[in-house]
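>>> pasting a predicted model and its sequence here:
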Amino acid sequence: MIVLGLETSCDETGVAVYDTARGLRAHALYSQVGLHAEYGGVVPELASRDHVRKLLPLLRQTLAEAGLAPGDLGGVAYTAGPGLIGALLVGAATGRALAWALDLPSLGVHHMEGHLLSPLLEPGAAPPPFVCLLVSGGHTQLVAVEGVGRYRLLGESLDDAAGEAFDKTAKMLGLPYPGGPQLAALALEGRAAAEAGGRRESRFRFARPMTDRPGLDFSFSGLKTQALLAWQASDRSEATRTDLAFGFEDAVTETLAAKCERALEQTGMEALVVAGGVGANRQLRVRLAALAAKRGVALSFPRLEFCTDNGAMIAFAGALRLAAGQRDLEFRVRPRWDMAELGPVAALPAPLAG
Ligand code: KG4
Ligand code: ZN
């Protein structure tokens with residue numbers, strides 16, 4: 001089955017075509033980062049309007065790159081939530097209209113399920129069961145994935161998501177939006193400077209929140225405050241800024257890795273999967289690779305460009321469900337949507353059935 005996927009939940013317009021027999025056929029992405037930068041964050045109305053402008057040209061481009069005509073499609077998937085309601089409506093209305101005009105089945109996909117399954121887009125990725133660390137701008141969750149659609153929440157952030165903590169700390173350090181990747185780049189400089197000076201750690205030793213008590217929940221809001229107080233009490237020099245970024249990144253990534261280890265112990269699962277924007281963080285990848293090697297478990301990541309929002313993960317998750325016969329029954333987008341409400345997918349397409 002050849003499925004078109006549309007992603008418009010936030011500030012990225014993504015389009016892709018996934019073929020259950022041949023894999024990913026083509027994908028295209030347009031990021032609105034430049035549009036929102038002067039406001040220091042995503043402006044929902046501007047995001048919606050820009051999706052309207054970009055979605056159809058990207059759709060034509062993607063079909064052309066795949067060498068396909070609209071009539072070759074077997075289904076249409078679009079992000080139905082969670083996300084910004086106006087932005088979601090652009091993808092949902094386009095997807096539904098296209099499906100209606102072409103007489104195809106359509107399906108609204110859960111954005112976080114898209115992230116969670118995105119490592120399976122890579123050849124050789126471990127199939128379920130696995131523990132998934134979902135780390136994006138809005139979510140930090142540990143999920144036991146027993147199969148597609150069979151998700152058990154093990155723990156989650158009680159306040160800020162990891163990506164949100166990265167973004168807010170970056171803003172406080174005076175870095176331009178979007179802060180997460182910029183803070184990570186600064187942390188890399190801080191690490192190099194420390195190592196050149198014979199130090200393995202930052203001078204800023206922040207807490208590893210909630211690692212001293214049992215459980216798999218997270219809390220990153222106190223860490224952000226700790227970083228703010230340390231910055232305000234400092235000389236605010238460039239060297240201090242890079243060292244503080246290094247210390248902050250170390251605290252977040254060590255905390256995430258410690259909880260991943262606990263989740264592997266608790267579930268007895270032998271594979272770990274990481275998805276979502278913060279999964280692009282290099283230091284997190286290094287730490288989790290060391291953890292996986294130590295415990296002898298398999299580790300999979302999406303390729304870097306599929307860590308952050310993209311159409312490929314929506315086409316993929318939608319294709320698994322559409323190929324199993326699931327269809328839209330109503331027109332609905334959901335700004336909030338609990339992943340536990342998703343139903344299981346019993347039969348997977350042959351290349352993914354293992
Ligand atoms: O998954 P995503 O694109 O959007 C959501 O669904 O939220 O994640 C975006 C988040 C942002 O908070 C961004 O700062 C963070 O991922 N991020 C990073 C890195 N790249 C993106 N955080 C730390 N290090 C990175 N290299
Ligand atoms: Zn996302």
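Structure received. Ligands and ions are numbered 1, 2, ... in the order given.
>>> and this protein, which of its residues are near ligand 1?
Selection of the chain residues close to ligand 1 by CB under 6 Å from any ligand atom yields 115, 136-138, 163-164, 166-167, 178-181, 184, 276-278, 280-281, 308-309. Every C-beta, even on glycine, is put in place using the N, C-alpha and C of the backbone.
>>> for ligand 2, tell me which of those show up nearby.
136, 309 (CB under 5 Å from the ion).
>>> going along the chain, name the strands of the stretch 51-200 of the chain.
Under the criterion DSSP state E, counting those that start in this stretch, the stretch 51-200 of the chain contains strands at 75-81, 106-110, 130-135, 140-147, 150-156.
>>> who does the longest one pair up with?
Right, the one you point to is strand 140-147. strand 130-135 (antiparallel), strand 150-156 (antiparallel) (DSSP bridges).
>>> can you say which of the residues of the chain next to ligand 1 are buried?
Listed as buried from the residues of the chain next to ligand 1 are 115, 136-138, 163-164, 166-167, 178-181, 184, 276-278, 280-281, 308-309; burial here means 16 or more other CB atoms under 10 Å.
>>> then stretch 160-175 to PDB, C-alphas only?
C-alpha atoms of stretch 160-175 as PDB (Å, rounded to 0.1, in the frame of the first residue of the first chain):
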ATOM      1  CA  ASP A 160       8.700  20.700  31.600                       C
ATOM      2  CA  ALA A 161       9.600  18.400  28.800                       C
ATOM      3  CA  ALA A 162      13.400  17.900  28.200                       C
ATOM      4  CA  GLY A 163      13.200  19.900  24.900                       C
ATOM      5  CA  GLU A 164      11.300  22.700  26.600                       C
ATOM      6  CA  ALA A 165      14.000  22.800  29.400                       C
ATOM      7  CA  PHE A 166      16.600  23.100  26.600                       C
ATOM      8  CA  ASP A 167      14.700  25.800  24.900                       C
ATOM      9  CA  LYS A 168      14.000  27.900  28.000                       C
ATOM     10  CA  THR A 169      17.600  27.600  29.300                       C
ATOM     11  CA  ALA A 170      18.900  28.600  25.900                       C
ATOM     12  CA  LYS A 171      16.600  31.700  25.900                       C
ATOM     13  CA  MET A 172      17.800  32.600  29.400                       C
ATOM     14  CA  LEU A 173      21.400  32.400  28.100                       C
ATOM     15  CA  GLY A 174      20.500  34.800  25.300                       C
ATOM     16  CA  LEU A 175      20.600  32.300  22.500                       C
END
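>>> residues contacting it, please?
40, 135-140, 177-180, 182-184, 186, 218-221, 223-224, 227-228, 231, 241, 244-245, 248-249, 252, 256, 276-278 (CB atoms under 8 Å, 6 or more residues apart in numbering).
>>> related to what we said a few turns ago, now render the strands of the stretch 51-200 of the chain as a markdown table, adding mean pLDDT and mean neighbour count.
Formatted as a markdown table, those follow (pLDDT from 0 to 100; neighbours: other CB atoms under 10 Å):
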| stretch | mean pLDDT | mean neighbour count |
| --- | --- | --- |
| strand 75-81 | 98 | 28 |
| strand 106-110 | 98 | 26 |
| strand 130-135 | 98 | 26 |
| strand 140-147 | 97 | 22 |
| strand 150-156 | 97 | 16 |
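>>> my guess is residue 152 contacts residue 143. True?
Yes. Using CB atoms under 8 Å, residue 152 is in contact with residue 143, at 6.8 Å.
>>> closest one to ligand 2 among the strands paired with strand 140-147?
For the strands paired with strand 140-147, proximity to ligand 2 was assessed by CB to the ion; strand 130-135 is nearest, at 9.2 Å.
>>> please see if the closest one touches ligand 2.
No. Interface with ligand 2: strand 130-135 contributes nothing (CB under 5 Å from the ion), its closest point being 9.2 Å away.
>>> who's in contact with that strand?
Contacts to strand 130-135, defined as CB under 8 Å, 6+ apart, come from residues 112, 115-116, 140-145, 154, 161-163, 256, 259-260, 263-264, 267, 269, 271-279, 284, 288, 298, 300.
>>> among these, which lie within helices?
Taking DSSP state H as the definition of helices, these contribute 112, 115-116, 162-163, 256, 259-260, 263-264, 267, 284, 288.
>>> in these, find the pair that's most separated.
Spanning the widest gap among these are 163 and 267, at 24.1 Å by CB to CB.
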